[in-house]
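Engineer: following is a predicted model, sequence given first.
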Amino acid sequence: MKKILVIEDEENIRDEIVILLSTSGYNAETISSFDNTVQDIIAASPDMVLLDINLPFKNGKDVLRELRSRSDIPVIMVTSSDSERDELISMGYGADDYITKPYNPTLLLLRIGNIFKRLGGSAEVADYRDVRIDFRRSMIIGKDGTETVLSKNEMLILSFLYNHRGQIVSRDDLMTDLWNNSEYLNDNALTVNISRLRSKLSDAGVENAIETRKGQGYILE
C-alpha cells in the first residue's frame, strides 16, 4: 500500500483528503505541526507528498525547494491559485504535478495514479543530443548547466515524443496522451504548446528537434 503524506494546514480539507485517499487504497498520513516540515517528511518516508503552498512558518514552495535538495519523493503541490506563475515556480522547484483548490477528487486520484505509473516505468533523467531531460523536475538542462523549465503540457508532449523517438506521432496520439494525463487541450492549444516546446528546446541549444510531417504528425529526431 502506497503511503501518501498530506501536508495541509486547513483541518477540514486535510480530513477530506485523508478520507478520499484511505477509501481509495492508499495509506494516508498527515502532519499537524509545520515548524520542521522537511525533517518531518524525511522521517515519515512517504511514497508521495501532497503539499499545500500556503503553510505557516515556511511557504510550501520553499519547503519543496529544500526537500528537493535532500530527496526525490514525488510531490503534488496543492494551492488556491491557478496562475501560471505559481505553476512554473512549483515545477521549477521540482514538483511532479499541481492541483488547485477546490480540488476535483477524481482528478486528484488520476494524477496520483499517473505519477506512480510514470515513475514505475520510465527513467527520471535522459540524455538527448547535448542536453539532459529531467522528467521529474520538468526541465531541460543544457551542457552549460542552464535549466529551461517546461510547463506540464510541454513536458508531457516532450516525454511522449522522446519515448517514441524516431517514430511519427500523430496529433491524435499526443492529444490522447494528454487526455490520459488529465490534460484537455484542443487542436489550437496543442499547436501553441508544440511551438513553445520547440522554442524552449532551441533556447537550450537543441535546434530543429521536432519535425512536422505534413498530414501525419511530428517526429523527434
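Structural biologist: Thanks, I have it.

Engineer: now the element after the lowest-mean-pLDDT helix or strand in the chain, going C-ward?
Structural biologist: None of the helices or strands of the chain scores lower by mean pLDDT, DSSP states H and E than helix 84-93, at a mean of 63. Using DSSP states H and E, the helix or strand that follows helix 84-93 in sequence is strand 97-100.

Engineer: how far does that next one sit from the chain's center?
Structural biologist: Distance of strand 97-100 from its chain centroid, counting by C-alpha atoms, centre = their mean, to the nearest Å, is 8 Å.

Engineer: what is that strand packed up against?
Structural biologist: strand 75-79, helix 84-93, helix 105-121 (3 or more C-beta pairs under 8 Å, 6 or more residues apart in numbering; DSSP states H and E). No exception for glycine: its C-beta is placed from N, CA and C like everyone else's.

Engineer: redo that, cut-off 10 Å
Structural biologist: Applying 3 or more C-beta pairs under 10 Å, 6 or more residues apart in numbering; DSSP states H and E, we find strand 97-100 packed against strand 48-52, strand 75-79, helix 84-93, helix 105-121.

Engineer: surely P46 touches L5?
Structural biologist: Yes - the criterion here is C-beta atoms under 10 Å, and P46 meets it with L5 at 3.8 Å.

Engineer: which residues are in contact with both of those two?
Structural biologist: Common contact partners of P46 and L5 (C-beta atoms under 10 Å, 6 or more residues apart in numbering): 27-29, 73, 75.

Engineer: same list (the residues you listed) but as JSON lines, adding distance to D173.
Structural biologist: Shown next, in JSON lines, are the shared contacts of P46 and L5 (distance: C-beta to C-beta, whole Å):
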{"residue": "N27", "distance to D173": "35"}
{"residue": "A28", "distance to D173": "35"}
{"residue": "E29", "distance to D173": "38"}
{"residue": "I73", "distance to D173": "31"}
{"residue": "V75", "distance to D173": "28"}
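
Engineer: the helices and strands packed on strand 97-100: lowest mean pLDDT?
Structural biologist: When those are compared by mean pLDDT, helix 84-93 comes last with a mean of 63.

Engineer: for P46, give its distance to A28.
Structural biologist: 10 Å (C-beta to C-beta, to the nearest Å).

Engineer: mutual contacts of the two, please.
Structural biologist: By C-beta under 10 Å, 6+ apart, the residues touching both P46 and A28 are 2-6.

Engineer: which one among those residues gets closest to D62?
Structural biologist: L5 (17.3 Å; C-beta to C-beta).

Engineer: give me the neighbour count for D172.
Structural biologist: D172 has 11 neighbours, counted by other C-beta atoms under 10 Å.

Engineer: what about it, which helix or strand?
Structural biologist: Per DSSP H and E: helix 171-180 holds D172.

Engineer: which helix or strand lies directly C-terminal to that helix?
Structural biologist: Next along from helix 171-180, by DSSP H and E: helix 187-203.

Engineer: what about the nearest residue to N180 once chain neighbours are set aside, how many neighbours?
Structural biologist: Leaving out its chain neighbours, the residue that sits closest to N180 by C-beta to C-beta, 6 or more residues apart in numbering is N114, at 7.6 Å. Using other C-beta under 10 Å, N114 has 16 other residues around it.

Engineer: no further queries at this time; thank you.
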